[in-house]
Structures are given as structure tokens and as C-alpha cells.
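Engineer: From the sequence below, what's the structure:
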Amino acid sequence: MVLPCLNEAETIETCVRKALKGLAELGVIGEVVVSDNGSTDGSQALATAAGATLVHAPVRGYGGALLAGIEAARGRYVIMGDADDSYDLGNLGPFITELRAGKDVVMGNRFKGGITRGAMPALHRYLGNPVLSWLGRVLFALPGVGDFHCGLRGFHRDRIRALGLCMAGMEFASELVIRAALAKYSISEVATPLGRDGRSRPPHLRTWRDGWRHLRFLLIFAPKRTLLLPGLILALAGLTGTALLLPGERHVFGVSFDVSALVYSSLATLVGAQLLIFGGFARLYGIQEGITREDKHVRWVRWLSFERCVAGGLLVGLAGLVSTLVAVTDWGAGGFGRLDPRETLRLVLPSATAIALGIILIFSGLFASLLSLRAAGRRTGPPAADAEPEIPAQRPVNSQTSLR
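Structural biologist: Residues are numbered from 1 along each chain as shown. This is a model prediction of the structure:
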């Protein structure tokens, strides 16, 4: 078991003893690793005295401490938990059962296990955790995970290490489950009770700061639903509006739509196209960096290639220039006199939009080509769900795991 620790002198000894006792009662050969994040209250000595293996985490933060602890642990499985005595560390049986059954990740669910009165702030219990967990289920197709941010969870150590987790802060909790989901790992959930923690000081968690960091992380890792789909809807709506308004004014349910609506249709087209391109960039970057698993990644490389984007940009831009020349010619035929804005804008707006979109496409191709560059031998993505992770031939002696 791995416990991140930062000034937990009031509870660390109790947590270590409970976990060791629970493992012994289950007949599990294991250890408790306390990953210290620079405590100044004597937590290190207390943890060692209670029977834990002490690790000094060089990177500050919740994730930094856990990453160091996972590296230093020994065995096949790891169960991570908080060192504030809020979780029942003496009852790890459900996690171990699921792990031995072949699950890659086993999440705790505090809402199913029961939350002691006062153990979780009302804002977290009724708004923050339910909303973020719902968003995580929707964005990453995880209907079986009801508590995205439970601090007690277990996993197959080598499978998780193969994901290349790197977030040093509180986002680590989201990163672990999101990357496991994207890699198609098997994930299950067990009921976990949550009690009041045993500390007299406030927790390290900061409601708004850490809540926003979790939300940002969820959105960044789901470009299809946050960029591609909204972009497609906006672009189609903009193109449809432009096509309908080009011939002249339209009346719908007694409401008149004219050049003012055409302005917003052109804007929707540009914004939608940008979101689609950004979504493509995000998918391509995720594939190249091994963040996400994409079987058809060649499609993104093909459609966002420099040559295709330049060709498409030139065609769209040229169409805009031709339309602009038509507008200027019509203006010249009238002696370059006063123009009727309602009629002129009907042609000028789509022309300017096409020119802008053409330029965007050309430079997007250049940026996509930079994202597509790959150093020789780089990892292309997380391992498939049925593949064993590749482990370096030479490993430090102390870098095995917590439960066998």
C-alpha cells in the first residue's frame, strides 16, 4: 500500500498500523510505503516506527508523492490511500479480490460505502464530486465509475506505470482513471466508507483551485466532445445560415433574417472550423505523445497533412478572392459610387470568411506537420488492453510493488 504524506504526524502511525494489520489478517504478503513530501512535523519517524517503508518524494504535490511511492513499492498490485485516517485501511479485501480477479484498476466509491456526517464538505458531497464524476462518465464512457475522486483505489502496478502518468498535483487522481480508460483497461468499483479524518488542521485540498484543475483536466482529455462535436455543429450551422441568406432576406415565423444574421453565420463558420482544427490537433498530439490510444490515427495524419491543408486552404482562399473580384467589378460597373450595404455585404462577408478560412487552413497544415514529427523509437501510445506492458530489462532493486 502507498500513502502520500505531508505533515500527517497526527494520523500516519494509525494508518500504517491499520493497513499492516488488515493485510496480515487477509493473509496477503505486502508492505506499506509512506511517500513523504517534505514533512516537517516528524511524520517520517512515526511512519518508520509503525512498520512502514519510507520514501522521500523529490517532486512536491499529491501526484508527485504517489508517483515516487509507486516506483519504490514492491509486488504486483498497489493500493493507494490517504494518510488522514478517513478511509478504512484495515478492510482492503474488496480491492484485493477485484485485483486478483484480473481488474487493472479498482476504484472506491464513497457514496455507495457511506459518508459519515461531517466527513465531506457539503459543497464537495452534493455538487463538486457528483458533477465532476458525471462529467467523467459522459466524456470517457465509464458508466461503472460513480466516484472519480475517491482517494482509495487499487491497480496493477506495471499496467499503470506503462501509462506514463506525470501529473504532480491533485489532478493525478483524474489522470490515473482517464488514461486507464483511454487505454481500454478494465476498471471496476467497490463500496468504500468515508469517515471523519483524524487531523486537527485543515486538509491540503483547496475546493475551487483543485476543483478547477480536475475540471480542466477532464475537458482537455476529451477533444471529441469538447472540440470536434461543438465545432462540427457550429460549422454546419454557419454554412447553412450563409447558404440560406446569400440569395436575400429570409422570414421565419414572422421574424426577418438579413445581413446581420449573415454576419453571425460567417462567424459561426469560422469558429466552428477553428474548433474542428483544434480538435484534430488535440487528437494528433494525444496519439503522438502516447496520451491516448487511437487505432485510426493515420486518418488524422492524412487529413491534417501539410499538403492537404495547403491545397484546401488555397482552394477556399481562391474562391474568396474570386468572389471579392466579382464584388469589386460590380462596384466598378456602378462607377464606384455609394453602395447598398445590404446587398454588398451579402457577397463581401462570405468572401472575406473564405479568405480567412483559407489562411487558417494553410497555417494549420504547417502546425499539424510539426505535431506529426516523431523521434525514432518513441512510444506511440498506451499498451492494448490485452497486452502485457514492456518493462525495462534493468530495474532498481526497490522498484517492485506493494501487494503480491
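
Engineer: how about the strands in the chain?
Structural biologist: With strands called from DSSP state E, the chain shows them at 2-5, 33-36, 53-56, 77-80, 105-109, 153-156, 187-191, 250-252, 255-257.

Engineer: Would you format the ones you listed as JSON lines with distance to Ala168, mean pLDDT and mean neighbour count included?
Structural biologist: In short, each C-beta sits where N, CA and C put it, glycine included. Shown next, in JSON lines, are these (distance: least, C-beta to C-beta, whole Å; pLDDT from 0 to 100; neighbours: other C-beta atoms under 10 Å):
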{"stretch": "strand 2-5", "distance to Ala168": "11", "mean pLDDT": "95", "mean neighbour count": "28"}
{"stretch": "strand 33-36", "distance to Ala168": "12", "mean pLDDT": "96", "mean neighbour count": "27"}
{"stretch": "strand 53-56", "distance to Ala168": "15", "mean pLDDT": "95", "mean neighbour count": "18"}
{"stretch": "strand 77-80", "distance to Ala168": "15", "mean pLDDT": "96", "mean neighbour count": "26"}
{"stretch": "strand 105-109", "distance to Ala168": "20", "mean pLDDT": "95", "mean neighbour count": "24"}
{"stretch": "strand 153-156", "distance to Ala168": "18", "mean pLDDT": "96", "mean neighbour count": "25"}
{"stretch": "strand 187-191", "distance to Ala168": "23", "mean pLDDT": "95", "mean neighbour count": "19"}
{"stretch": "strand 250-252", "distance to Ala168": "53", "mean pLDDT": "86", "mean neighbour count": "11"}
{"stretch": "strand 255-257", "distance to Ala168": "52", "mean pLDDT": "86", "mean neighbour count": "11"}
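
Engineer: Phi, psi for the closest residue to Arg199 other than its chain neighbours please.
Structural biologist: Nearest non-adjacent residue to Arg199, counting by C-beta to C-beta, 6 or more residues apart in numbering: Glu10, 5.1 Å away. Main-chain dihedrals, Glu10, degrees, to the nearest 10: phi -70, psi -20.

Engineer: low-scoring stretches of the stretch 201-350 of the chain, by residue?
Structural biologist: Low-confidence segments of the stretch 201-350 of the chain, defined by pLDDT under 70: 202-207, 210-211, 214, 289-302, 337.

Engineer: now with 90?
Structural biologist: Residues of the stretch 201-350 of the chain that meet the criterion pLDDT under 90 lie in 201-228, 246-260, 278-309, 323-324, 326-348.

Engineer: quick one, phi/psi of Arg60?
Structural biologist: Dihedral angles (degrees, to the nearest 10) for Arg60: phi -70, psi 150.

Engineer: Run through the residues that contact it.
Structural biologist: Arg60 makes contact with 37-38, 168, according to C-beta atoms under 8 Å, 6 or more residues apart in numbering.

Engineer: Neighbour count and distance to Phe148 added to those, as TSV?
Structural biologist: Shown next, in TSV, are those (neighbours: other C-beta atoms under 10 Å; distance: C-beta to C-beta, whole Å):
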residue	neighbour count	distance to Phe148
Asn37	24	23
Gly38	14	27
Ala168	17	19
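
Engineer: Lowest-confidence entry in those residues?
Structural biologist: When the contacts of Arg60 are compared by pLDDT, Ala168 scores lowest at 86.

Engineer: Pop the domain breakdown of this protein in here.
Structural biologist: 2-220, 223-372 (automatic domain parsing).

Engineer: deepest of those, which one?
Structural biologist: Mean neighbours per residue, mean count of other C-beta atoms under 10 Å, is largest over these for domain 2-220, with a mean of 19.

Engineer: Quick check: the nearest residue to Cys15 once chain neighbours are set aside vs Gly154, distance?
Structural biologist: Nearest residue to Cys15, sequence neighbours excluded (C-beta to C-beta, 6+ apart): Ala83, at 5.1 Å. According to C-beta to C-beta, to the nearest Å, Ala83 and Gly154 sit 16 Å apart.

Engineer: What ranges in the stretch 51-200 of the chain fall below the confidence cut-off?
Structural biologist: Along the stretch 51-200 of the chain, segments meeting pLDDT under 90 span 74-75, 117-146, 148-149, 163-175, 178-179, 181-184, 196-200.

Engineer: most centrally placed residue in the protein?
Structural biologist: Geometric centre of the chain, nearest residue: Phe221, 3.2 Å, by C-alpha atoms, centre = their mean.

Engineer: Quick check on that residue: phi, psi?
Structural biologist: phi -90, psi 10.

Engineer: which ones are touching the nearest residue to it once chain neighbours are set aside?
Structural biologist: Nearest non-adjacent residue to Phe221, counting by C-beta to C-beta, 6+ apart: Ile178, 5.1 Å away. By C-beta under 8 Å, 6+ apart, the contact set of Ile178 is 136, 140, 217-218, 221.

Engineer: one step back: and the gap between the residue nearest to Arg199 and Ser200?
Structural biologist: Glu10 is 6 Å from Ser200, by C-beta to C-beta.

Engineer: same check, this time on Gln44
Structural biologist: 20 Å.

Engineer: Check Gly312 too.
Structural biologist: The value you get for Gly312 to Ser200, if C-beta to C-beta is used, is 63 Å.

Engineer: With Gly61 instead?
Structural biologist: 23 Å.

Engineer: cool, Ala180 as well?
Structural biologist: Ala180 is 35 Å from Ser200, by C-beta to C-beta.

Engineer: go on, Pro94?
Structural biologist: 30 Å.

Engineer: what does Met167 give?
Structural biologist: Distance from Met167 to Ser200, by C-beta to C-beta: 29 Å.

Engineer: For Gly332, list the residues it contacts.
Structural biologist: Counting by C-beta under 8 Å, 6+ apart, Gly332 has no contacts.

Engineer: how about the helices in the stretch 251-400 of the chain?
Structural biologist: 259-288, 297-303, 306-333, 341-372 (DSSP state H, counting those that start in this stretch).

Engineer: let me fix that: the stretch 51-200 of the chain
Structural biologist: 62-72, 93-100, 110-113, 122-123, 129-140, 157-161, 172-182.

Engineer: For Arg283, which of these is the nearest?
Structural biologist: helix 172-182 (11.4 Å; C-beta to C-beta).

Engineer: Show me how far the closest one is from its chain's centre.
Structural biologist: Put simply, helix 172-182 sits 7 Å off its chain's centre (C-alpha atoms, centre = their mean, to the nearest Å).
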